[in-house]
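Chemist: mind folding the following:
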Amino acid sequence: MQAVIPLAFVGLVLGGSGAAAAWAQTIGASACAIDVERELWIRDLTVVEDPVRTTWVEHPAHPSEGVWSFGRLMSHISGLVDPAPFVLHLFEQFRTTQQVNGLVVPPQSIFFQQIIAPWIAASQASGRALDFSIAPFRLNGFVNRIDLRSFVTHGPGPSAGEGRIVFTVLFPDGRASLTTLILEYALLARDADEVKAWAQAWHDLGSIPFGPEYNQALEQVVLRFAGPGVAPGRPNGSALRQLRTNEFSRTRPVVFGSDPWQWREFRLAPETGLLVQTTAEQTVDTSHNRSALLADYVNEHEAEILAGTFVVPLTYQGVPFRSGASDGEPFTAFLSAPGIRSNDARHLVSLNSCVACHSDETGTLFFHSFPRARGERTLLSGFLTGSTFPDPVEPTVVRRFDDLKRRVHDLCGVLCSPASVLASQRPLARVH
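Modeler: Purely as a prediction, here's the structure:
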């Protein structure tokens with residue numbers, strides 16, 4: 001899918017005053033052709049089912065062997081640490097109660113029992129702590145999130161946004177479960193010129209037909225952010241910002257019950273180099289939904305919320321405010337509260353929360369990238385590809401979502417604007 005965007009509209013799409021006007025003036029009436037499938041959300045079967053790159057090889061004879069497999073990527077993230085105990089530590093956190101930001105996150109026991117425990121058992125039967133050749137993860141695709149570039153918010157240090165790798169989590173028999181796992185890496189950049197270089201690297205992929213040449217070029221881009229030792233000074237030398245899960249291992253969504261549908265986030269601990277659960281970025285804890293506290297927050301920060309510069313704090317009015325894990329318990333499909341003055345501000349806070357962005361705030365059925373069966377390309381949500389949905393608080397307001405088109409505009413703007421204009425842009429508050 002190729003989109004040709006008149007760049008005179010980019011400044012209007014991205015918002016802002018002086019910076020946006022300068023952007024639009026700089027790019028004038030020129031046009032930019034972006035191939036969404038090759039540059040922004042890469043999910044072609046020739047890529048995600050590449051037999052060489054997606055198959056784990058314990059001792060590769062060639063650098064491309066297994067380079068996109070879950071095991072190889074985790075070995076890069078773990079650095080000098082054995083990836084087996086590193087990965088086991090990650091998933092052990094699902095079977096025990098976690099304390100995150102002073103909030104209790106209950107175990108996700110069914111996920112562990114149905115997915116991880118069988119993998120451990122099958123691995124031990126072959127004499128391994130974890131056998132990555134049978135790791136229950138199927139590649140969904142690669143995502144360019146250069147629109148999340150920032151020098152001040154969302155993650156440690158400057159970056160040109162994120163490069164993401166999405167996996168379907170599998171049952172022991174190879175069927176897709178209702179769980180996805182996403183590796184989200186910083187595109188490291190010290191200045192706006194390096195941001196432009198990242199944009200050009202992604203854009204260059206758009207001129208290459210799918211096939212061996214494309215996969216080789218994509219491999220080089222991915223290794224720049226997901227390869228070993230690409231981030232000296234960071235834990236394990238990895239550029240990983242966070243690992244996220246959207247998990248529920250039963251065969252259909254269940255909101256109530258012992259294991260709610262849940263979104264979790266993990267980051268590398270500087271002290272240990274292990275992945276530990278942390279707060280869900282930009283997500284208000286669902287216990288505050290419909291509360292006076294939520295109304296106070298939205299009203300107090302209305303201007304920055306509407307400007308797209310807000311950051312959900314860890315605490316607000318002396319209580320834990322940012323979520324330890326975003327879920328539907330107590331029942332939540334969007335965030336609202338009596339007394340909120342601006343429904344647009346409410347919408348933006350809700351849109352940034354995992355549970356609402358994946359449900360009634362956007363008309364999405366839990367996934368923006370759906371789990372996929374072998375031989376099938378992953379489906380994307382209407383939020384990404386284009387849909388309309390009534391506002392859950394003011395149904396007469398019909399909201400239009402087309403986030404991939406927004407990302408096309410953004411990538412065009414980065415490609416065609418001078419570094420001085422890029423350096424003056426404010427960061428985007430949205431992290432999804």
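Chemist: please count neighbours and contacts with C-alpha atoms only from this point.
Modeler: Noted.
Chemist: contacts for stretch 333-343, please.
Modeler: Counting by Cα atoms under 8 Å, 6 or more residues apart in numbering, the neighbours of stretch 333-343 from elsewhere in the structure are 286, 289-292, 294-296, 298-299, 302, 346-347, 349-350, 355-357, 359-361, 392-394.
Chemist: and for stretch 295-312?
Modeler: Contact with stretch 295-312 is made by 16, 153, 281-284, 316, 321-322, 336-342, 344-346, 348-349, 426-430, as judged by Cα under 8 Å, 6+ apart.
Chemist: buried stuff in that stretch?
Modeler: For stretch 295-312, the neighbour count (16 or more other Cα atoms under 10 Å) marks 295-299, 302, 305-306, 308, 310-312 as buried.
Chemist: isn't residue 114 right up against residue 173?
Modeler: No - checked against Cα atoms under 8 Å, the pair residue 114 and residue 173 is beyond contact range at 10.8 Å.
Chemist: so for these two, which sits in the more crowded spot?
Modeler: Residue environment comparison for residue 114 versus residue 173 gives the larger neighbour count to residue 114, 16 against 7, counting by other Cα atoms under 10 Å.
Chemist: tell me the secondary structure at that one.
Modeler: Using DSSP: H, G, I helix; E, B strand; the rest coil, the three-state assignment for residue 114 comes out as helix.
Chemist: repeat that for the one 4 residues further on.
Modeler: Three-state call for residue 118 (three-state DSSP): helix.
Chemist: ok, and the closest non-adjacent residue to it?
Modeler: Excluding its sequence neighbours, the residue lying closest to residue 118 (Cα to Cα, 6 or more residues apart in numbering) is residue 172, at 6.6 Å.
Chemist: residue 314 now?
Modeler: Of all residues not flanking residue 314 in the chain, residue 322 sits nearest, at 4.8 Å (Cα to Cα, 6+ apart).
Chemist: so how far is residue 332 from that neighbour?
Modeler: When distances are taken as Cα to Cα, to the nearest Å, residue 322 and residue 332 turn out to be 15 Å apart.
Chemist: please apply the same query to residue 291.
Modeler: Distance from residue 291 to residue 332, counting by Cα to Cα: 13 Å.
Chemist: for those two, indicate the residue with more neighbours.
Modeler: residue 332 (19 against 15).
Chemist: the more buried one against residue 358, yeah?
Modeler: No - with the criterion set as Cα under 8 Å, residue 332 and residue 358 do not qualify as a contacting pair; they are 10.9 Å apart.
Chemist: just checking, residue 76 touches residue 229?
Modeler: Yes - taking Cα under 8 Å as the definition, residue 76 is a contact partner of residue 229 at 7.5 Å.
Chemist: which neighbours do these two share?
Modeler: Common neighbours of residue 76 and residue 229, counting by Cα under 8 Å, 6+ apart, are residue 238.
Chemist: higher neighbour count, those two?
Modeler: Neighbours around residue 76 and residue 229, counted as other Cα under 10 Å, are more numerous at residue 76. The numbers are 23 against 19.
Chemist: tell me the phi and psi of the closest residue in space to residue 99 that isn't next to it in sequence?
Modeler: Closest residue in space to residue 99, ignoring its immediate chain neighbours: residue 105 at 6.1 Å, by Cα to Cα, 6+ apart. Per-residue torsions, residue 105: phi -110, psi 110 (degrees, to the nearest 10).
Chemist: who does residue 138 bridge with?
Modeler: Taking DSSP bridges as the rule, residue 138 bridges to residue 168.
Chemist: so it touches residue 170, yeah?
Modeler: Yes - because the distance of 7.2 Å satisfies Cα under 8 Å, residue 138 is recorded as touching residue 170.
Chemist: so residue 202, which state does it fall into?
Modeler: Each residue gets one of three states, and residue 202 gets helix by three-state DSSP.
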